[in-house]
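Engineer: Here you go, sequence then predicted model.
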Amino acid sequence: MPGEVMTVEEVAKYLGLSKPTVYKLARRGEIPAVKVGRSWRFHREAVELAVLPPSSWEGWLVRLRERLETPPSEEELAQRRHWAEQTRQLREEIARRFPHQTDSVEILRRERCRRMRQLAPEDGE
């Protein structure tokens, strides 16, 4: 699957490493990763490139070039349109609910914290 995204567990299994080692490599920037909330995400191709010796990059670069030159399929385009629409709707909802604030990441964090407090049992229960 082009552009496959992997979790820490999948990267650990794929590379034959422990999960703590994968976390450490991600924090150091030795394996390219993105932190989404409290979890890390890795692109399979970036992980491969990070761990391959430079002498074997040629095959990877050929595959990347082919992928970039190949137009996306109708399914990929439909998925991109779907996510763009979902993002647009989420931004509109944020703007409607919080009209005086512009930092959507901070708004989402506060909303998540508020919901967590509502779900948490009261002290003494």
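Structural biologist: Happy to help now that I have it. Residues are numbered from 1 along each chain as shown.
Engineer: how about the strands in the protein?
Structural biologist: 5-6, 34-36, 39-43 (DSSP state E).
Engineer: Which one of the ones you listed lies nearest to Arg96?
Structural biologist: strand 34-36 (24.4 Å; C-beta to C-beta). Every residue, glycine included, has its C-beta placed from N, CA and C.
Engineer: Compare the mean pLDDT across the strands of the chain and name the weakest.
Structural biologist: Averaging pLDDT over each of the strands of the chain singles out strand 34-36 as the lowest, with a mean of 86.
Engineer: Which strands border that strand, and is each parallel or antiparallel?
Structural biologist: strand 39-43 (antiparallel) (DSSP bridges).
Engineer: buried residues in stretch 92-99?
Structural biologist: For stretch 92-99, a neighbour-count test (16 or more other C-beta atoms under 10 Å) marks Ile94, Phe98 as buried.
Engineer: Just the CA atoms of that stretch, as PDB, please.
Structural biologist: Extracted C-alpha coordinates of stretch 92-99, given in PDB (Å, rounded to 0.1, in the frame of the first residue of the first chain):
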ATOM      1  CA  GLU A  92     -16.500  24.900  10.700                       C
ATOM      2  CA  GLU A  93     -17.700  23.200  13.800                       C
ATOM      3  CA  ILE A  94     -14.800  24.700  15.800                       C
ATOM      4  CA  ALA A  95     -15.400  28.100  14.400                       C
ATOM      5  CA  ARG A  96     -19.100  27.900  15.200                       C
ATOM      6  CA  ARG A  97     -18.600  26.600  18.800                       C
ATOM      7  CA  PHE A  98     -15.600  28.900  19.600                       C
ATOM      8  CA  PRO A  99     -16.000  32.000  17.500                       C
END
